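J.: here is my input; please provide its structure:
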Amino acid sequence: MKYFSKAEASSKNNASIKIKDSEISFGTIPESADSLPNPAELFLGSISACILKNVERFSDLMKFEYSHAEISISATRLETPPRMDEINYKLKIYSQDENLNVALLKKNIEKFGTIFNTVKQSCSITGEIKIDSE
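T.: Residues are numbered from 1 along each chain as shown. Presented below is the predicted three-dimensional model:
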């Protein structure tokens, strides 16, 4: 598989990434620090998207039902050289399905996630999955 995105920025202004029919604005100037995601937050968002996509994928393969899922991710930024480390996720899945095997789902997410596997090559990434019966 191949992937493609295109980004552009103009001097003293913010930037955007174009992917398929979507456009994602991100901050590159101090004035947008509180309103637009920065590159580190987009990076964490990519991990979130990978994990949530795999929840959906494995709900079919593992034959479980869920109404929705939510994830929060935190990371520590190291200074020299600047990089992300100690990434931690908390995934909550809203489900009443007794077929949902949390340990197997976690194993599958962490074994087959493209972004997840790319990230774990360069820093520690840990997480937990909780089920909420709504």
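J.: surely Ile93 and Asp132 touch.
T.: Yes - with contact defined as Cβ atoms under 8 Å, Ile93 counts as touching Asp132 (7.2 Å). Backbone N, C-alpha and C define where each C-beta goes, glycine included.
J.: tell me the centre residue of the protein?
T.: Ser48 (1.7 Å; Cα atoms, centre = their mean).
J.: show the pLDDT at that residue.
T.: For Ser48, the pLDDT comes out at 98.
J.: may I ask which helix or strand encompasses it?
T.: Element membership of Ser48, judged by DSSP states H and E, is helix 39-61.
J.: quick one: list the elements packing against that helix.
T.: Secondary-structure packing of helix 39-61 (3 or more Cβ pairs under 8 Å, 6 or more residues apart in numbering; DSSP states H and E): strand 22-26, strand 68-78, strand 83-94, helix 102-112, helix 114-120.
J.: switch the ones you listed over to CSV; also include mean pLDDT, mean neighbour count and distance to Leu52.
T.: As requested, the helices and strands packed on helix 39-61 are exported to CSV (pLDDT from 0 to 100; neighbours: other Cβ atoms under 10 Å; distance: least, Cβ to Cβ, whole Å):
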stretch, mean pLDDT, mean neighbour count, distance to Leu52
strand 22-26, 97, 13, 16
strand 68-78, 96, 14, 6
strand 83-94, 96, 16, 8
helix 102-112, 97, 15, 10
helix 114-120, 96, 15, 11
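J.: okay, now the domains of this structure?
T.: 1-37, 39-132 (automatic domain parsing).
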